[in-house]
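Student: No sequence on hand, only this structure:
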Ligand code: GBH
């Protein structure tokens with residue numbers, strides 16, 4: 001009798017512990033990729049050159065080992081295998097991006113490529129046949145070179161060019177695609193290009209270029225959103241937003257909190273405030289920092305281009321959810337040297353483990369804190385993790401990746417269960433090893449390994465693929481008893 005009670009009691013305890021590690025019913029799991037990083041076929045059929053094609057061919061020394069994405073994972077030809085892998089994992093959705101210059105070889109909507117259309121129709125239909133929802137990104141950094149030659153993201157006309165492109169995409173695919181990301185990580189390509197010169201097209205112009213790009217990107221996103229609202233929403237009922245790269249900043253000491261908040265506004269607010277805040281426009285702290293800097297440098301006015309009232313209204317509220325791309329965190333320390341601008345130094349906590357990517361250290365709590373910060377600033381809304389994953393070198397026994405996923409997912413569960421965060425989905429970056437931008441093929445984020453030396457670009461599941469598959473099947477981390 002006693003022992004039966006004891007057994008029942010232990011079962012109950014186990015069940016409760018299990019439940020804590022369950023994701024809410026209906027939680028969606030997916031994996032992501034991006035056109036330039038996987039497709040290859042850089043000049044197949046009538047596809048035109050984009051800024052990454054030009055960058056890797058003209059300035060090969062910017063990329064590790066002089067690597068490029070000419071062939072990459074060859075997904076342009078091997079898309080059937082990609083869909084098969086998504087099905088093997090049991091993904092609910094697969095996130096991929098459309099290559100603008102594959103669909104519109106001139107960059108403009110005057111000519112639509114038949115082969116481009118066929119390719120994306122095949123991928124979308126192939127996924128749906130397996131019961132996998134397509135999640136489509138319109139822009140993941142591969143601007144048609146023809147538009148770059150006209151100034152690219154610094155030319156305000158790009159707002160209309162992007163709108164025209166978005167309309168073509170929606171008219172052909174929105175009947176089957178219900179979840180959209182307009183623009184992926186503007187911080188990475190505006191600041192990456194103009195503040196650091198390390199992203200295609202590699203134009204270094206930190207004082208003016210970065211902020212022109214920043215403003216135009218927000219308007220272009222809003223343009224696509226408004227077009228969807230007006231011409232497609234009623235018919236198709238999809239959801240749209242832009243995806244932001246969010247690096248969590250943690251103050252070194254409590255005294256660093258104030259400047260840390262300004263740093264967060266500079267990195268996250270600059271691409272979020274206009275869209276998600278109640279009042280819209282630039283974050284006031286950022287306006288102040290850039291105005292100060294501009295003045296000190298002798299500009300006649302702030303190099304952060306002002307928004308008109310109309311523009312503020314046009315951008316404000318153009319979202320159906322918040323797309324979180326999160327990988328890592330940094331510590332922020334105030335450097336009080338009295339110079340104008342943002343006087344912050346960034347450091348890594350000695351306990352945070354490094355990864356294969358120089359910018360990337362492991363701090364699982366950061367993801368939960370980052371999303372709580374977003375909810376505090378912009379209000380309660382739906383969050384989808386649109387990218388999260390781990391960088392390693394080559395190898396199938398990727399236990400560190402599994403560890404990373406477990407720890408970060410556990411923080412998300414705490415956010416859902418203890419803080420009541422409305423997180424409805426999670427996207428692993430990435431389905432398979434691919435062209436990791438200026439790191440070439442050295443930093444690998446894939447659930448599947450890709451053999452880049454074989455003409456077949458053979459894909460092999462890593463241990464993490466098995467982990468992810470089981471996680472999805474059970475909708476729970478409870479199958480891993482060491483947690
Ligand atoms: C995301 O960027 C991208 O959306 C995706 O395409 C990418 O593959 C993935 O994450 C993994 O990196 O080397 O110091 O110049 C995440 C943000 C922006 C981080 C560019 C690395 C280069 C930093 N990334 N950044 S540095």
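Tutor: Arrived safely. This is a predicted model, so every value here is computed, not measured.
Student: can you tell me which residues contact the residue of the stretch 301-450 of the chain found nearest the ligand?
Tutor: When scored by CB to the nearest ligand atom, the stretch 301-450 of the chain has residue 359 as its residue closest to the ligand, at 4.5 Å. Heads up, the C-betas are built off the backbone N, CA and C, glycines and all. Counting by CB atoms under 8 Å, 6 or more residues apart in numbering, residue 359 makes contact with residue 328.
Student: hmm, try it at 10 Å
Tutor: Contacts of residue 359 were listed using CB atoms under 10 Å, 6 or more residues apart in numbering, and they are 247, 327-328, 330, 348, 391, 439, 443.
Student: what does the protein have sitting close to the ligand?
Tutor: 34, 37, 184-185, 188, 192, 196, 198, 245, 325, 327, 358-359, 387, 429, 436, 445 (CB under 6 Å from any ligand atom).
Student: Which of the residues you listed fall within strands?
Tutor: Judged by DSSP state E, those include 184, 245, 325, 327, 387, 429 as members of strands.
Student: Nearest to residue 163, out of these: which one, please.
Tutor: residue 184 (17.3 Å; CB to CB).
Student: beta partners of that closest one?
Tutor: Bridge pairing for residue 184 (DSSP bridges) gives the partners residue 243.
Student: Quick check, central residue of this protein?
Tutor: Centroid check for the chain by CA atoms, centre = their mean gives residue 325 as the closest residue, at 4.2 Å.
Student: tell me the pLDDT at that one?
Tutor: Note for residue 325: predicted pLDDT of 99.
Student: What sits closest to it if chain neighbours are left out?
Tutor: residue 387 (3.8 Å; CB to CB, 6 or more residues apart in numbering).
Student: I'd like to know the beta-bridge partner residues of the nearest residue to residue 461 once chain neighbours are set aside.
Tutor: In this structure, residue 461 finds its nearest non-sequential neighbour in residue 448, 5.5 Å apart by CB to CB, 6+ apart. Residue 448 has these beta-bridge partners by DSSP bridges: residue 432, residue 461.
Student: Could I get the pLDDT score of the residue of the stretch 301-450 of the chain closest to the ligand?
Tutor: The model reports residue 359 with a pLDDT of 98.
Student: For it, give me phi and psi.
Tutor: Main-chain dihedrals, residue 359, degrees, to the nearest 10: phi -90, psi 0.
Student: From residue 382, how far out is it?
Tutor: Remark: distance between residue 359 and residue 382 (CB to CB, to the nearest Å) = 28 Å.
Student: Quick check: the residue nearest to residue 461 vs residue 431, distance?
Tutor: 6 Å.
Student: Give me the common contacts of those two.
Tutor: The contact sets of residue 448 and residue 431 overlap at 31, 73, 82, 85, 89, 459, 465 (CB under 10 Å, 6+ apart).
Student: buried ones in the strand or helix carrying the last one?
Tutor: Counting by DSSP states H and E, the element that carries residue 465 is helix 463-474. Of the residues in helix 463-474, those buried by neighbour count under the rule 16 or more other CB atoms under 10 Å are 464-465, 467-469, 471-472.
Student: who has more neighbours, residue 448 and residue 431?
Tutor: Shown here are residue 448 and residue 431; by other CB atoms under 10 Å, residue 431 has more neighbours (31 against 24).
Student: Next up, the contacts around the closest residue to that one other than its chain neighbours.
Tutor: Counting by CB to CB, 6+ apart, residue 431 lies nearest to residue 31, which is 4.2 Å off, once chain neighbours are set aside. By CB under 10 Å, 6+ apart, residue 31 lies in contact with 82, 85-86, 89, 91-96, 132, 135, 387, 389, 426-432, 446-448, 465, 468.
Student: On the three-state scheme, residue 31 is what?
Tutor: strand (DSSP: H, G, I helix; E, B strand; the rest coil).
Student: Which parts of this structure are strands?
Tutor: 28-32, 93-97, 133-139, 179-184, 239-251, 322-334, 344-347, 353-354, 361-362, 383-388, 423-429, 448-450, 459-461.
Student: Can you list the residue ranges for helices in the stretch 51-200 of the chain?
Tutor: Listed in chain order, the helices of the stretch 51-200 of the chain (DSSP state H, counting those that start in this stretch) span 51-58, 75-89, 100-103, 114-129, 145-148, 158-173, 186.
Student: Not including adjacent chain positions, what is the nearest residue to residue 87?
Tutor: According to CB to CB, 6+ apart, the nearest residue to residue 87 is residue 130 (4.4 Å).
Student: err, residue 480, not the other one
Tutor: residue 406 (6.2 Å).
Student: thought the one you found was touching residue 478?
Tutor: No - when contacts are counted by CB atoms under 10 Å, residue 406 is not listed as touching residue 478 (11.3 Å).
Student: Can you get me a residue count around the residue of the chain found nearest the ligand?
Tutor: The chain approaches the ligand most closely through residue 188 (3.9 Å), counting by CB to the nearest ligand atom. Around residue 188 there are 19 other residues, counting by other CB under 10 Å.
Student: do the same with residue 58
Tutor: 11.
Student: List the contacts of it.
Tutor: Applying CB under 10 Å, 6+ apart to residue 58 gives the contacts 200-202.
Student: Scan those and report the most crowded one.
Tutor: Most neighbours among these, by other CB under 10 Å: residue 200, with 28 neighbours.
Student: Show the model's pLDDT score for the closest residue to it other than its chain neighbours.
Tutor: Beyond its immediate neighbours in the sequence, the residue positioned closest to residue 200 (CB to CB, 6+ apart) is residue 55, lying 3.5 Å away. pLDDT recorded at residue 55 is 98.
Student: pretty sure residue 55 contacts residue 202?
Tutor: Yes - if you go by CB under 10 Å, residue 55 and residue 202 touch, sitting 5.9 Å apart.
Student: okay, and the common contacts of those two?
Tutor: Counting by CB under 10 Å, 6+ apart, the residues touching both residue 55 and residue 202 are 62, 193, 438.
Student: State the distance from the last one to residue 25.
Tutor: Looking back up the chat, that one is residue 438. Between residue 438 and residue 25 the computed distance is 41 Å (CB to CB).
Student: of those two, who's got more company?
Tutor: Ranked by neighbour count (other CB under 10 Å), residue 438 and residue 25 place residue 438 first, with 18 against 6.
Student: what does the model give the more buried one for pLDDT?
Tutor: Residue 438 carries a pLDDT score of 97 in this model.
Student: can you tell me which residues contact it?
Tutor: Per CB under 10 Å, 6+ apart, neighbours of residue 438: 55-56, 62-64, 67, 192, 198-200, 202.
Student: rerun that using 8 Å as the cut-off
Tutor: Residue 438 touches 62-64, 198-199, counting by CB under 8 Å, 6+ apart.
Student: Among these, name the buried ones.
Tutor: Here, 16+ other CB under 10 Å leaves 62-63, 199 buried among the contacts of residue 438.
Student: quick one: which of the residues you listed is nearest residue 400?
Tutor: Distance to residue 400, by CB to CB, is smallest for residue 63 among the buried ones among the contacts of residue 438, at 24.9 Å.
Student: Look up how far residue 57 lies from that closest one.
Tutor: Counting by CB to CB, the gap from residue 63 to residue 57 is 10 Å.
Student: okay, the buried residues of helix 463-474 in a markdown table with pLDDT next?
Tutor: Shown next, in a markdown table, are these (pLDDT from 0 to 100):
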| residue | pLDDT |
| --- | --- |
| 464 | 98 |
| 465 | 98 |
| 467 | 98 |
| 468 | 98 |
| 469 | 98 |
| 471 | 98 |
| 472 | 98 |
